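**Student:** below are the sequence and a predicted model; questions follow.
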Amino acid sequence: MFTNTRYLSPVVLEGITEAPVESPEWIEWWKTQYDRCLNGYKVGDLSITGHHYFYLNFWKIKGLPWHKEGKRKVVTAPRFLDIDHEFFWEAEKARLAGKNLNVSKKRQCGFSEKAGCLMGHEFTFYPASQTAVVAGEEKYALNTFEFMYRGLNGLAGTEFYKEKNPDEKGKIIKAQKYNTDTGQWEGYMSEAWCFTARTNSEVLSRLSPSFVVFEETGRFPLSPSVYGKLKPSMEATDMEGKLQRTGWCLFIGTGGDMADGIESASNLFYNPSDYDCLEYENIYSKDPEKKSISLFVPGWKFHIIDTEGNSLKEESIKDIRERRVKAAKSRSKRTLIDEIIARPENPDEIYMIINDCRFNQLGLNRQRSLIMNNDRLSNISSQVDLDWIYDEIPKPARPNGDIIGIEYTQNPDGPFTIIEFPERDEEGQVLPQYFGGTDSYDKDEAQASNSKGSTTIFNGRKKLYAARVTARPAKASTFFEYSAKLCYFYGCTNLIEWSNILIFDWYERKGLMAMLKERPRVVYANVKDSKASNKYGVDPSTKPFWIRAYGDYIDDNSDKMYDQIQISRALVYTDTTNCDITISSSLAYINYMDSIEFIDTPNTMEQKKDYLYFQTKNGLMISNLN
């Protein structure tokens, strides 16, 4: 427990020196302050960083004054808090180690204020430095920039104040002034910028920054891409030819402020080394294969605090859990979810995907958290390329010859995601347990839509999804071929939604009709009002039946889902969303249901003895079951 913390703010308690300007006493006092702001300060056994000293003694935030009476929020000096002490030390470790720092936290604990102070410190103490804040939405970047701007203006009357020109609040400031006698810009030459990166991942590419704040990563899907483009400009080769880091980044994510960037934010949090961030032991997971994580600030910190700035853990946890009990009694299920996210006890509670989706959110989020926390499960999938094997006998319509097989090649950028490679018997035949489903499209270009084609493979014996390809290549025919390759690889038929029908024409032209799943009887036996007469695929008017079936599968088998993207798409699915992966997953499951319900043998996969495999005959693909 910290004690005597007020003495870490001597400038607030005692004021700025009143010695005559430029006197030895005045010079010595400011030299001391300068040193403390760079190298830190110590009272007894309690040490703080230079950034923290600057924050406590010279920075101004909006809050209740702690050093004098006051019941209204004003612009005042911040008080010492244990949550700040930890943050500034971790930021210092990251900076000195040439690493980045990623923080996931509860709401309303002042991290944007502290980020603004770090930017202000860089601007104030490092000549010619460049600092920036970037976010996916303007309001988040602007908020932190304005905190920095207010803090810098609060330095007026001190030796740390810098004249700014240009002085464009919310855009750019530079510590310089124009000398009309010499015609030159003079001054400290440090800069601070504010950017929004909705669609442009190269928004920071013209800078060579020493410090960058990524605000609200949960609402910033492009943050990994922006960092990837930025990273080379924060490195330089020294005189010995060694690559050195010349800058560092702070990533901030907040519980309750997660939206379309939650996937990239959670990937950043659970894979810190991939983004050059400090790594921390995951003390919140009991998984023996648990991964390192980023810095997490639990809900009990800065919840109930004492006069010295210590968070009272036991009292805070008790209050938080009582709040949850009360929220659970609300008529709205969202009340409890919002309470959990706002004051999380562990990182998984921050990174829950919450939506008005059709499926079991609790089960899906539980499995998603398990995968993200487990090193083996988070790396369970492989990316591959699939290539046809031809008989090399040229034919007029097929210069490469007829297809006689398929092979895969490991490729981290390959379009095919493999969770489980095809299981085979002793003779090398793929076991008859796989079922394909495809959500397709007709137009080559997406135009205003961001929808993709998706094909998913389901293992009916193990009740798990084995593989997937989700893509929008330049030509639709390329995706059609992807779907055929994946189903051929798993020796299964492909159930396709009968709406975007050019894929059916493509299969016919390529002689691959044997791979198409005919109308699933299990669907039409349960949906009486469909008037479609298609031989292959399934009428889109029967979609409610597929979605219910997929929901039933998730209720019973979410613990067997290992495709994190598939899980995430299920968590955001609603009746109005255009979710390619959820549709293909539903259709693959319907393909399985149909095969089970209508085969002549008993209702178990183990007793299905007929092997489905494809062969070429007279230039056409046929199955051995035809």
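**Tutor:** Cool, the structure landed.

**Student:** how about the strands in the stretch 351-500 of the chain?
**Tutor:** 382-390, 403-410, 416-418, 434-439, 453-459, 464-471, 494-496 (DSSP state E, counting those that start in this stretch).

**Student:** please produce JSON lines containing those strands, extended by mean pLDDT and distance to Gly261.
**Tutor:** Every residue, glycine included, has its C-beta placed from N, CA and C. Compiled in JSON lines, those are given as follows (pLDDT from 0 to 100; distance: least, CB to CB, whole Å):
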{"stretch": "strand 382-390", "mean pLDDT": "94", "distance to Gly261": "22"}
{"stretch": "strand 403-410", "mean pLDDT": "92", "distance to Gly261": "29"}
{"stretch": "strand 416-418", "mean pLDDT": "97", "distance to Gly261": "21"}
{"stretch": "strand 434-439", "mean pLDDT": "96", "distance to Gly261": "24"}
{"stretch": "strand 453-459", "mean pLDDT": "96", "distance to Gly261": "22"}
{"stretch": "strand 464-471", "mean pLDDT": "96", "distance to Gly261": "19"}
{"stretch": "strand 494-496", "mean pLDDT": "95", "distance to Gly261": "32"}
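
**Student:** determine which of these approaches Arg323 most closely.
**Tutor:** strand 464-471 (37.5 Å; CB to CB).

**Student:** for that closest one, buried residues please.
**Tutor:** The neighbour-count check on strand 464-471 (16 or more other CB atoms under 10 Å) flags 464-470 as buried.

**Student:** output that strand as PDB, nothing but the C-alphas.
**Tutor:** Presented in PDB, the C-alpha positions along strand 464-471 are these (Å, rounded to 0.1, in the frame of the first residue of the first chain):
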ATOM      1  CA  LEU A 464     -16.800 -30.100 -36.100                       C
ATOM      2  CA  TYR A 465     -16.100 -27.800 -38.900                       C
ATOM      3  CA  ALA A 466     -12.900 -28.900 -40.700                       C
ATOM      4  CA  ALA A 467     -12.100 -26.200 -43.300                       C
ATOM      5  CA  ARG A 468     -13.200 -23.000 -44.900                       C
ATOM      6  CA  VAL A 469     -12.400 -20.600 -47.800                       C
ATOM      7  CA  THR A 470     -13.900 -17.100 -47.600                       C
ATOM      8  CA  ALA A 471     -12.800 -14.700 -50.400                       C
END
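
**Student:** which other helices and strands contact it?
**Tutor:** strand 416-418, strand 453-459, helix 476-489, helix 564-571, helix 580-598 (3 or more CB pairs under 8 Å, 6 or more residues apart in numbering; DSSP states H and E).

**Student:** and those: which comes nearest Ile173?
**Tutor:** helix 564-571 (39.1 Å).

**Student:** so which elements touch the closest one?
**Tutor:** helix 262-270, helix 361-373, strand 464-471, helix 580-598.

**Student:** could you dump these to TSV with distance to Ile305?
**Tutor:** Below are those laid out as TSV (distance: least, CB to CB, whole Å):
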stretch	distance to Ile305
helix 262-270	26
helix 361-373	29
strand 464-471	47
helix 580-598	44
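
**Student:** what's the pLDDT at the residue nearest the centre of the chain?
**Tutor:** Closest to where the C-alpha atoms of the chain average out (CA atoms, centre = their mean) is Ser264, at 1.7 Å. Ser264 is assigned 89 on the pLDDT scale.

**Student:** so how far is Asp391 from it?
**Tutor:** Taking CB to CB, to the nearest Å as the measure, Ser264 falls 45 Å from Asp391.

**Student:** what segments of the stretch 51-200 of the chain are helices?
**Tutor:** Assigned by DSSP state H, counting those that start in this stretch, the stretch 51-200 of the chain shows helices spanning 82-97, 111-125, 138-153.

**Student:** can you give me the mean pLDDT across the second one?
**Tutor:** Looking at helix 111-125 alone, the average pLDDT works out to 97.

**Student:** the last one too?
**Tutor:** Helix 138-153 comes out with an average pLDDT of 96.

**Student:** phi first, then psi, for Asn360.
**Tutor:** Dihedral pair for Asn360: phi -70, psi 100, per degrees, to the nearest 10.

**Student:** for it, give me its contacts.
**Tutor:** Listed by CB atoms under 8 Å, 6 or more residues apart in numbering, the contact set of Asn360 reads 551, 554-555, 558.

**Student:** so what's the residue count around Ser316?
**Tutor:** 19 (other CB atoms under 10 Å).
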